[in-house]
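# With the sequence up front, the predicted model follows.
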Amino acid sequence: MQNTAKTALVIGAGPAGIEAALKIGQAGYSVILIEKEKQIGGMVGKLCSSFPRWENPQEMLDLKTRELGKFLSNITLLTNTTLKFCEPVEKGYLVILEDSDKELNVKVDAVVLATGFDLFDASVYGEYGYGIYPGVMDALEFENQLKDWSAHKSQTEAPGAIAFFKCVGSRDRSKGNPYCSKICCMYTAKQAGLVKELFPETKCYVFYMDYRSAGKGYEEFVRSVIEEKHVHYIRGRASKVLPQNNRLLVRAEDTLMGIPIEVEVDKVVLATGVIPRKETARLVEAFGINTDQYGFIESEFGSPAKAGKRVFFAGGCNFAIELPGAQYQGAAAAAEVINLFYQDEQEER
Amino acid sequence: MNRVRVVEPDQRIPEVPEAIFLFRSCTGSMEYPGTENAIKEILKLLGIEVVMDPDQTCCSGYLLTCSGYLPEFSLGVTARNMSIIEKSGLPPYVFCNGCYGYLSELTHIMEHNPAYKDMANGLIGSLGYHYKGGNNIFHVQELYYRLKDEIAGKVVRPLNGLRVGCHYGCHYLANQYGILDDGGYPAFHEELIEALGGTPVFYKERQMCCGYSVGRGFTHKEELVQPHLYKKFKSAREAGVELITTVCPGCNVALDREQPALAKKGYEFDIPVIDMGQLIALALGVPVEKLGFGANTVSVDKVLKKLGVGKGD
């Protein structure tokens, strides 16, 4: 039985948005899934591997794309598309969606925001020289580098050493971000582990305050990176990156040994923290919903996926989240939407 | 929580003052009297009146750092100095990072703890002073940077590509909030050097501390400070630095006066160290005898010679 009288708008086709769209579509309702980029996948599409099982995120995306393909009668995917305008009406919103050459006016009965997160601007840490020394990169740039190395391994000269700095833009009140971005400990372990997988001779140093690995299989994952892949974990924040011998000199303190240390490396990877997307702020205003002091969407009391009147959310627009978490939230938002539509139908009868 | 850490010069100093209260530095005025003089000469050329008050004392930070006396006493000294500044009705400008750091910090403490302010006022009240509060502390380097273009326009003795290594000093940048540049990678001094026609050199250890706080007769005189400074000077020499500038007399003392001690151990660097104000004054054509280079331990002569300035210019 198909009931396509009700339509949900899902904004953002990352893992959370895709999951929400799929579940709502599979329940028999209409879904418009919009994505501002050309490609679906959001952050996940930019990643080289995943934790805690070293899976290829592209395979997961391909699987989801195939699933979306099976429900084309219900789910309309519009890439390169953004929300231009919205107006609340009775039991829903009138929205105008726009891509490069046309606009689409449509009435939707519910909205799911799944706009994802952004990364902290690492250039705020002048001492690390991001944007000054070419060898210093943020986490997402390094994912791209890893993809490149994986694709052209035989033509690549193995780097001598790589340093990873954790908590760049996380847990740092002086930079305005006192919160823990939660995913960086895990993605840093993954990145360092991948380097060792590609180039076993490359030395990897991870500078950490403490590592947080709360999740199924997470602690074992980090331990395996340290013990089996031989990534060096050094407890202490790095204080300075300087150019030396065409490489980078890292100054830090090993707080467990109580000594200052210096290591020369070829790359410094900054485990940049998570911040809300600028675009989210516009949507928050358009739908009249609440955010926390940083700009992450806040849930209404009693529902972990509801942000306002017929507005739900999932994934990184609420806070830093890893891939499985984004999918849980997408499914949770979908359950709320399906429930709402079902209630509507009961009333209409 | 403050996201605005670095401010633009015209945010920091929206309007260039017609007159300033120049807060004298003990170390600066005693060790290198030419610094204070250079500032007065520059400001005269820029049309800014300098007001000073002989009643002003040391900022008191120096002994506070070494726990020489109780912090309450420092609050009293700061409140007294601030009340003198308030009486002048002018914005206070310091020329020492130490004065900048301590005045900012101690006034901040009093601003946010009325009980401390009352206590300090109690201490100075019997002497006839009263501190109201709410002042902003500036450093003359901020004024130089604010007036960079005006200064560049007045250069009559360009530095001819002189390779200058800047030393910022910790106590300005470490303030972290509301300062002119990123404390982790500052570059506004280098911009000033360019404006004067010099070649700024980003030597590797340019941000390394001068070692003054532990070096000049305090806790670790030789064994810690000398290897530390050796590292700094070595990197400066390798980068071809001909002159180091400071904006803090403490740094100037540490970097200048310690070089003979290093030379005695066989590490001769012979890199002159002067205040940024002295260099600006030099470029603006202030007669060299007004700049007090005779007080420097490492002779500035070879730099003066390179600039074509005789000692008796």
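Ah, there it is.
# May I see the buried residues of stretch A:131-148?
Judged by neighbour count using 16 or more other C-beta atoms under 10 Å in any protein chain shown, the buried positions of stretch A:131-148 are A:133, A:135-139, A:141-143, A:145-147. Bear in mind the C-beta positions are built from the backbone N, C-alpha and C, glycine included.
# could you point out the longest helix in the chain?
You didn't pick a chain, so chain A it is. Looking only at chain A and at elements set by DSSP state H, the helix with the highest residue count is helix A:323-348.
# other chain: chain B
As far as residue count goes, and with DSSP H defining each element, the longest helix of chain B is helix B:71-88.
# roughly how far out does that one sit from the chain middle?
A distance of 20 Å separates the C-alpha centroid of helix B:71-88 from that of its chain, computed with C-alpha atoms, centre = their mean, to the nearest Å.
# The helix or strand containing A:Arg282 vs chain B: in contact?
For A:Arg282, the enclosing helix or strand under DSSP states H and E is helix A:278-287. No. Using C-beta under 8 Å from any C-beta of the partner chain, helix A:278-287 stays clear of chain B, with a minimum separation of 14.4 Å.
# Give me the buried stretch members for that helix, please.
Residues of helix A:278-287 classed as buried by neighbour count (16+ other C-beta under 10 Å): A:279-280, A:283-284, A:286-287.
# List just the nearest of these to chain B.
A:Thr280 (17.4 Å; C-beta to the nearest C-beta).
# Would you check that that closest one makes contact with A:Ile297?
Yes. Judged on C-beta atoms under 8 Å, A:Thr280 makes contact with A:Ile297 at a distance of 6.9 Å.
# if we can go back for a sec, and the longest helix of chain B, what does it pack against?
strand B:19-23, helix B:61-65, helix B:97-112, helix B:114-125 (3 or more C-beta pairs under 8 Å, 6 or more residues apart in numbering or on different chains; DSSP states H and E).
# Helices along the stretch 101-250 of chain A, start to end?
Across the stretch 101-250 of chain A, reading from the start of the chain, the helices by DSSP state H, counting those that start in this stretch fall at A:139-151, A:184-198, A:218-227.
# what does the last one contact?
When you say that, I think you mean helix A:218-227. Counting by C-beta atoms under 8 Å, 6 or more residues apart in numbering or on different chains, helix A:218-227 makes contact with A:51-52, A:185-186, A:189-190, A:192-193, A:196, A:211, A:213, A:231, A:233, all of which sit outside it.
# Can you report phi and psi for the most far-flung residue of chain B relative to its centre?
In chain B, counting by C-alpha atoms, centre = their mean, B:Ser126 sits farthest out from the average C-alpha position, at 32.8 Å. Phi and psi for B:Ser126, reported as degrees, to the nearest 10, are phi -70, psi -20.
# what about B:Ile42, which helix or strand?
Remark: B:Ile42 resides in helix B:33-46, with elements defined by DSSP H and E.
# what comes up buried for the longest helix of chain B?
By neighbour count on 16+ other C-beta under 10 Å, the buried set for helix B:71-88 is B:74-86.
# what's the answer for stretch B:174-184, then?
Taking 16+ other C-beta under 10 Å as the neighbour-count basis, stretch B:174-184 is seen to contain the buried residues B:175, B:179-184.
# So which of the residues you listed reach chain A?
Intersecting these with the surroundings of chain A, defined as C-beta under 8 Å from any C-beta, gives B:182-184.
# Let's see which of the residues you listed end up in helices.
Checking these against helices, none of them qualifies (DSSP H).
# Serialize the residues you listed to TSV and add fields for pLDDT.
Compiled in TSV, those are given as follows (pLDDT from 0 to 100):
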residue	pLDDT
B:Asp182	85
B:Gly183	85
B:Gly184	85
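# Just give me the closest of these to B:Gln259.
Closest to B:Gln259 out of those is B:Gly183 (26.8 Å), distances taken as C-beta to C-beta.
# Quick one: the strands in chain B, in order.
Listed in chain order, the strands found in chain B under DSSP state E are B:19-23, B:49-51, B:92-94, B:138-139, B:163-166, B:199-200, B:243-246, B:273-275.
# which residues are in contact with stretch B:145-163?
Contacts to stretch B:145-163, defined as C-beta under 8 Å, 6+ apart, come from residues B:9-10, B:12-13, B:16, B:42, B:45-46, B:144, B:180, B:188, B:191-193, B:195-199, B:201, B:239-243, B:279-280, B:282-285, B:303, B:306-309.
# Now, of the residues you listed, which are buried?
B:9, B:12-13, B:42, B:45-46, B:144, B:180, B:188, B:192-193, B:195-199, B:201, B:241-243, B:279-280, B:282-284, B:303, B:307, B:309.
# Residue 297: what's it in contact with?
Reading this off chain A. The contact partners of A:Ile297, taken as C-beta under 8 Å, 6+ apart, are A:113, A:280, A:284, A:289-291, A:307, A:313, A:317-318.
# I was thinking of chain B, sorry if that wasn't clear
With C-beta under 8 Å, 6+ apart as the criterion, the residues that contact B:Thr297 are B:256-257, B:259-260.
# ok, now how distant is it from A:Glu279?
When C-beta to C-beta, to the nearest Å is the yardstick, B:Thr297 and A:Glu279 sit 59 Å from each other.
# I'd like to know how many residues surround residue 296.
Reading this off chain A. The local packing of A:Phe296 (other C-beta atoms under 10 Å in any protein chain shown) involves 21 other residues.
# should've been chain B
By other C-beta under 10 Å, 19 other residues sit near B:Asn296.
# Quick check: closest non-adjacent residue to it.
Of all residues not flanking B:Asn296 in the chain, B:Asp256 sits nearest, at 5.8 Å (C-beta to C-beta, 6 or more residues apart in numbering or on different chains).
# Give the burial count for that neighbour, as a bare number.
A total of 24 residues lie near B:Asp256 under the criterion other C-beta under 10 Å.
# I am finished for the moment; much appreciated.
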